[in-house]
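Peer 1: Sequence isn't available, so here's the structure alone:
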């Protein structure tokens with residue numbers, strides 16, 4: 001899905017820092033969804049193109065989202081199992 005938003009030029013550079021505005025917006029949306037537990041760590045990695053859990057941990061630490069609880073683990077595990085069921089269903093179809 002592609003989403004377009006308009007941000008005044010003088011604010012865009014403040015919001016984005018050294019990265020592109022679109023990347024900064026994508027990261028902000030992903031981080032907030034992760035903080036609210038609407039998406040799992042795996043889903044955040046997929047959304048942002050982060051290749052490993054270790055790199056995701058570093059990304060979260062950089063953005064001061066450092067707590068990975070047992071509840072987070074359970075949420076990620078449910079997501080992984082659901083994706084595995086989907087893959088098996090697709091293979092058998």
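Peer 2: Yep, that arrived. All figures in this text were calculated on a predicted structure; none of them were measured in a lab. Residues are numbered from 1 along each chain as shown.

Peer 1: how many neighbours does residue 50 have?
Peer 2: Look at residue 50: counted by other CB atoms under 10 Å, it has 19 neighbours. Where you see a C-beta, it was placed from the backbone N, CA and C, and this is true even at glycine.

Peer 1: How about residue 82?
Peer 2: Neighbours of residue 82 using other CB under 10 Å come to 11.

Peer 1: Show me which positions of the helix or strand where residue 42 lies end up buried.
Peer 2: Here residue 42, judged by DSSP states H and E, is contained in helix 41-48. In terms of neighbour count (16 or more other CB atoms under 10 Å), helix 41-48 has its buried residues at 41-45, 48.

Peer 1: Let me see the mean pLDDT of the very next helix or strand once past it.
Peer 2: Once helix 41-48 ends, the next helix or strand along the chain (criterion: DSSP H and E) is helix 53-62. Helix 53-62 shows an average pLDDT of 92 in the prediction.

Peer 1: Report pLDDT for residue 5.
Peer 2: 83.

Peer 1: which SS class is it?
Peer 2: With DSSP: H, G, I helix; E, B strand; the rest coil as the basis, residue 5 sits in coil.

Peer 1: Chain neighbours aside, what residue packs nearest to it?
Peer 2: Excluding its sequence neighbours, the residue lying closest to residue 5 (CB to CB, 6 or more residues apart in numbering) is residue 25, at 6.9 Å.
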